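Chemist: only the shape, not the letters, is given here:
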Ligand SMILES: CC(=O)SCCNC(=O)CCNC(=O)[C@H](O)C(C)(C)COP(=O)(O)OP(=O)(O)OC[C@H]1O[C@@H](n2cnc3c(N)ncnc32)[C@H](O)[C@@H]1OP(=O)(O)O
């Protein structure tokens, strides 16, 4: 796919060049990576770590803006990359979405409209490929609403007082094994894949991300010294989950370690019970920290004291931008019958229109609308974790026909709260 002509022309008017980066050109791609890291205020990549990133993300569409008049003309002044990837939606279906990442503009070139051109180019690229939506995880929650994105998946960190949290959940049928990290790295993809398909909001992850998570890559060698890896096998001996965790010692009391979970992936409820009960019962440990989890974790209901499980930070995580209303809405299942006409507004035009939305299909219509909402609200409710009723009460969905918001809420609600366990 070519560079977006509209954004390239807009950027050329600023005396800059907007180009696709050939990721086979390791020198050029290497500078792009350093610019990306600089944009996020990260340390410079070492040659070894850079080589892993380049190999691990070379399949992405990689774009850059160059300023030939700068002191380092080979170093991009803006970066973005993107790729098509499956997203799990309610009903254990997946649809292809356009993942957008590494959006940076150098601090020497900020607030000149460069990011707007990058984002609009990405949305047009997704639309040109007939992808029904775009998605991203964000550094700041103030940037992407103007491009039609909204948080569709919330996340929470959990702090658990393990002295108070006695396990009261079901007795697991299988058992937990310690396994070498390198071995688990090989076994994990099959478990991750099964877990992904059960949870709306999860995307297909990629090997380099897991190398980093497991501490196999060169950028996190300290972690690999500390990490403990366990696998849960069900009663038949099939691996159904795993956890990676480290300990933080308490200098004053060796009996009060904190266990920090880096990754906890379970493909079945039985594995969930097996690994959570294991982690809650670690000796010499009084606190368990588990970040980036669902806002609706069963663990709350599996311990003796409800207050022992505290969510410390509930926040936005996966942001969605609907581009094709019919394809996106037809891609998921609904929890109740639905037949409403919605008017969707969209400043950028992609999704604007009037649609009859039923649990069986979606099509354009000229019938008068039962409710009106912008593409942002449609993205927010799409995965069924944000309530249409709450958005209507917040004044963000306008109801014209009594009962239509209730119907939308009942149909869109996902029985499993959407959740995304990674950043991208
Ligand atoms: C998916 C991801 O990659 S998330 C990561 C985003 N990147 C970062 O956080 C890295 C550090 N920040 C940056 O690199 C830059 O400041 C960026 C990418 C956030 C913005 O780049 P810029 O080129 O300065 O943005 P640009 O001038 O195109 O602004 C576009 C619009 O966003 C607004 N905007 C830009 N940055 C911000 C911000 N941090 N907070 C709120 N609004 C912002 C601008 O006011 C402008 O609004 P308007 O067009 O509606 O008038």
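Modeler: Happy to help now that I have it. From a predicted model like this one, the values you see are computed outputs, not experimental measurements.

Chemist: which parts of the stretch 301-424 of the chain are helices?
Modeler: 325-330, 375-382, 388-393, 404-412 (DSSP state H, counting those that start in this stretch).

Chemist: ok, now the chain?
Modeler: 5-12, 26-39, 47-57, 114-128, 181-196, 207-213, 221-226, 269-280, 325-330, 375-382, 388-393, 404-412 (DSSP state H).

Chemist: which one of the ones you listed lies nearest to residue 105?
Modeler: helix 114-128 (4.8 Å; Cβ to Cβ). To be clear about C-beta, it is placed using only N, CA and C from the backbone, and glycine gets the same treatment.

Chemist: so what's the residue count around residue 390?
Modeler: Neighbourhood size, residue 390 [other Cβ atoms under 10 Å]: 14.

Chemist: I'd like to know how far it sits from residue 320.
Modeler: Relative to residue 320, residue 390 is positioned 17 Å away (Cβ to Cβ, to the nearest Å).

Chemist: now residue 113
Modeler: In terms of Cβ to Cβ, residue 113 sits 24 Å off from residue 320.

Chemist: which bits of the chain sit near the ligand?
Modeler: 39-40, 100-105, 110-116, 136, 138-140, 142-143, 146 (Cβ under 6 Å from any ligand atom).

Chemist: and with 8 Å instead?
Modeler: Applying Cβ under 8 Å from any ligand atom, we find that the chain lies next to the ligand at 39-41, 78, 80, 100-107, 109-119, 136-140, 142-144, 146.

Chemist: which of those residues fall in strands?
Modeler: Counting by DSSP state E, the residues of the chain next to the ligand place 78, 80, 100-105, 136-137 in strands.

Chemist: look at the residue of the stretch 201-350 of the chain at minimum distance from the ligand and say how many residues are nearby.
Modeler: In the stretch 201-350 of the chain, the residue that lies nearest the ligand is residue 319 (8.1 Å; Cβ to the nearest ligand atom). Counted by other Cβ under 10 Å, the residues lying close to residue 319 total 25.

Chemist: chain center to the helix or strand bottoming out on mean pLDDT in the chain, what's the gap?
Modeler: Least confident helix or strand of the chain, by mean pLDDT, DSSP states H and E, is helix 221-226 with a mean of 85. On the basis of Cα atoms, centre = their mean, to the nearest Å, helix 221-226 sits 25 Å off its chain's mean C-alpha point.

Chemist: can you list the buried residues in it?
Modeler: For helix 221-226, the neighbour count (16 or more other Cβ atoms under 10 Å) marks residue 223 as buried.

Chemist: same question for stretch 397-404.
Modeler: 397, 399, 404.

Chemist: how many neighbouring residues does residue 54 have?
Modeler: Neighbours of residue 54 (other Cβ under 10 Å): 18.

Chemist: leaving out chain neighbours, which residue sits closest to it?
Modeler: residue 29 (5.5 Å; Cβ to Cβ, 6 or more residues apart in numbering).

Chemist: might one say that the one you found is in contact with residue 60?
Modeler: No: using Cβ atoms under 8 Å, residue 29 makes no contact with residue 60, being 10.3 Å away.

Chemist: quickly list what's touching both of these two.
Modeler: Both residue 29 and residue 60 are contacted by residue 23, under the criterion Cβ atoms under 8 Å, 6 or more residues apart in numbering.

Chemist: mind listing the strands for the stretch 301-424 of the chain?
Modeler: 309-322, 339-345, 353-358, 362-364, 371-374, 397-399 (DSSP state E, counting those that start in this stretch).

Chemist: for residue 3, find the nearest of those strands.
Modeler: Short answer: strand 309-322, nearest of those by Cβ to Cβ, at 20.4 Å.

Chemist: ok, back up a step: can you redo the buried residues of stretch 397-404 as JSON lines with pLDDT?
Modeler: As requested, those are arranged in JSON lines below (pLDDT from 0 to 100):
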{"residue": "397", "pLDDT": "98"}
{"residue": "399", "pLDDT": "98"}
{"residue": "404", "pLDDT": "98"}
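
Chemist: was I right to think residue 197 contacts residue 86?
Modeler: No: taking contacts as Cβ under 8 Å, residue 197 lies outside contact range of residue 86: 9.0 Å.

Chemist: shared neighbours, those two?
Modeler: residue 94.

Chemist: mind listing what residue 331 touches?
Modeler: 89, 93, 95, 132.

Chemist: before we move on, back to that, list only those of the residues of the chain next to the ligand flagged as buried.
Modeler: 39, 78, 80, 100-106, 109, 114-115, 117-119, 136-138, 144.

Chemist: got a pLDDT number for the residue of the stretch 201-350 of the chain closest to the ligand?
Modeler: Per-residue pLDDT puts residue 319 at 98.

Chemist: so if we follow the domain assignment, how does this protein break up?
Modeler: Listed by automatic domain parsing, the domain ranges of the chain are 5-148, 156-315, 324-412.

Chemist: end-to-end on the first one?
Modeler: The separation between the terminal residues of domain 5-148, taken as Cα to Cα, to the nearest Å, is 21 Å.

Chemist: how far does it sit from its chain's centre?
Modeler: 17 Å.

Chemist: now do it, average pLDDT.
Modeler: Computed over domain 5-148, the average pLDDT equals 98.

Chemist: now do stretch 286-306
Modeler: On average, stretch 286-306 scores 98.

Chemist: mind listing what's buried in that stretch?
Modeler: Applying 16+ other Cβ under 10 Å to stretch 286-306 flags 286-297, 299, 302-303 as buried.

Chemist: how about those, which pair is most distant?
Modeler: 286 and 296 (25.4 Å).

Chemist: how about the strands of the stretch 301-424 of the chain in JSON lines, adding distance to residue 50?
Modeler: Output for the strands of the stretch 301-424 of the chain, formatted as JSON lines (distance: least, Cβ to Cβ, whole Å):
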{"stretch": "strand 309-322", "distance to residue 50": "27"}
{"stretch": "strand 339-345", "distance to residue 50": "43"}
{"stretch": "strand 353-358", "distance to residue 50": "45"}
{"stretch": "strand 362-364", "distance to residue 50": "45"}
{"stretch": "strand 371-374", "distance to residue 50": "41"}
{"stretch": "strand 397-399", "distance to residue 50": "46"}
